[in-house]
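Asks: Sequence and predicted structure below; questions after.
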There are 2 protein chains.
Amino acid sequence: MRLDRLDEQLLALLVADARRSYADLGARVGLTASAVKRRVDRLREGGAITGFTVTLDPAALGWTVEGYVELYCRSSTPPETIRAAVEQHAEVVDASTISGEADALLHILAADMRDFERVLERIGAEPFVARTKSVLVLSPLLRRGAGPRAV
Amino acid sequence: MRLDRLDEQLLALLVADARRSYADLGARVGLTASAVKRRVDRLREGGAITGFTVTLDPAALGWTVEGYVELYCRSSTPPETIRAAVEQHAEVVDASTISGEADALLHILAADMRDFERVLERIGAEPFVARTKSVLVLSPLLRRGAGPRAV
DNA sequence: CGTGAAATATAAATAGA
DNA sequence: TCTATTTATATTTCACG
């Protein structure tokens, strides 16, 4: 899917505030509302925009502990096995298999330290997990999501 | 800020699709549109909802390489110094100071391997950076954002 | 919290460059 | 094929009960 400068501008505006009206978006990029709607529809059909959502403040919701967990698995654990296991825990907000010594990296948001520890224990108890190594987030520096590169 | 069950339901629905109308949300939780609007306004004022945004598909936008970078800094580097430096790079989507041996962890989305390498070099060249250690994402397993725990 | 009405935004069809 | 205009429909918003 090809994106021109106007598409990139629209994406940047929508990442910043997805509630802007088509008319408002159009005024900022030099298009009419319906032209903007056509482009946004096209961006959705094309898969560039995967959805509309709200961003939440973890602290305001009671998520006070954040951390990352490296998973060291027994040989030949299929990714799907890992995915199915970590999916069980709502505290896991992000998970990927990675290169290097560890097999997977999990991003965790927990209610408190006890909650974090509980998730760690439960995941560590999975038969395919040899060991885990975790770090706690001290302070968030940047939280940009997967927005488009500055245009 | 206190949230009742209805607030949590509304948050879960909005995380899944922030474009639902107040009337639709109301029908799902048993409220009228205006009651829903009042609650959503309150959730915004209270800071639980920090914004409305679109989710993008990195691959569809040409971001093909994802990775994590640990930063080892020279002693007594203030977090703000790290933040200011990593903010310069649009490829950094997430950054936090962490416990453990490394001082900070960066989450990177790059156009390609050359782009990833370039960011790594530039950040590694910062005077406060002693060394970096990076891993590449092989395959994403879960991508849940900071949604509310399943209700 | 619910109702109802005015202001606003969206969506679909049509026409023009 | 892309954009602009029009018109019907739906949503948001707000004062009041």
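Replies: Received it, and whenever you're ready, just let me know what you need.

Asks: mean confidence for stretch A:113-122?
Replies: Taken as a whole, stretch A:113-122 carries a mean pLDDT of 98.

Asks: just stretch A:90-100 next, same as before
Replies: Across stretch A:90-100, the average pLDDT comes to 96.

Asks: now do stretch A:129-147
Replies: Taken as a whole, stretch A:129-147 has an average pLDDT of 91.

Asks: likewise stretch A:14-34?
Replies: Mean predicted lDDT for stretch A:14-34 stands at 95.

Asks: Need the distance between the two termini of that stretch.
Replies: End-to-end span of stretch A:14-34 (CA to CA, to the nearest Å): 16 Å.

Asks: And stretch A:82-97, by the same measure?
Replies: End to end - CA to CA - stretch A:82-97 spans 9 Å.

Asks: Then stretch A:40-49?
Replies: Stretch A:40-49 has its terminal residues 8 Å apart, counting by CA to CA.

Asks: and it, does that touch chain B?
Replies: Yes: residues of stretch A:40-49 contacting chain B under CB under 8 Å from any CB of the partner chain: A:46-49. C-beta: built from backbone N, CA, C; applies to glycine.

Asks: how's chain A carved up into domains?
Replies: Domain segmentation of chain A under the TED database yields A:5-46, A:58-137.

Asks: chain center to the last one: distance?
Replies: Which is domain A:58-137. Domain A:58-137 sits 15 Å away from the centroid of its parent chain (CA atoms, centre = their mean, to the nearest Å).

Asks: Now the one residue in chain A that gets nearest to DNA strand C: closest residue in space, sequence neighbours ignored.
Replies: Across chain A, no residue is closer to DNA strand C than A:S21, which sits at 3.3 Å (CB to the nearest atom of the strand). In space, and not counting its chain neighbours, A:S21 is closest to A:A33: 7.2 Å by CB to CB, 6 or more residues apart in numbering or on different chains.

Asks: I'd guessed that neighbour sits against A:R39; true?
Replies: No: taking contact to mean CB atoms under 8 Å, the distance of 10.9 Å between A:A33 and A:R39 leaves them out of contact.

Asks: Which of those two has more residues huddled nearby?
Replies: Comparing A:A33 with A:R39 by neighbour count (other CB atoms under 10 Å in any protein chain shown), the higher total belongs to A:R39, at 22 against 14.

Asks: for chain A, what spans make up the strands?
Replies: With DSSP state E as the definition, chain A shows strands at residue ranges A:49-56, A:65-73, A:92-98, A:104-110, A:129-143.

Asks: from what I can see A:A104 touches A:I98, true?
Replies: Yes: using CB under 8 Å as the test, A:A104 is close enough to A:I98 to be in contact (6.3 Å).
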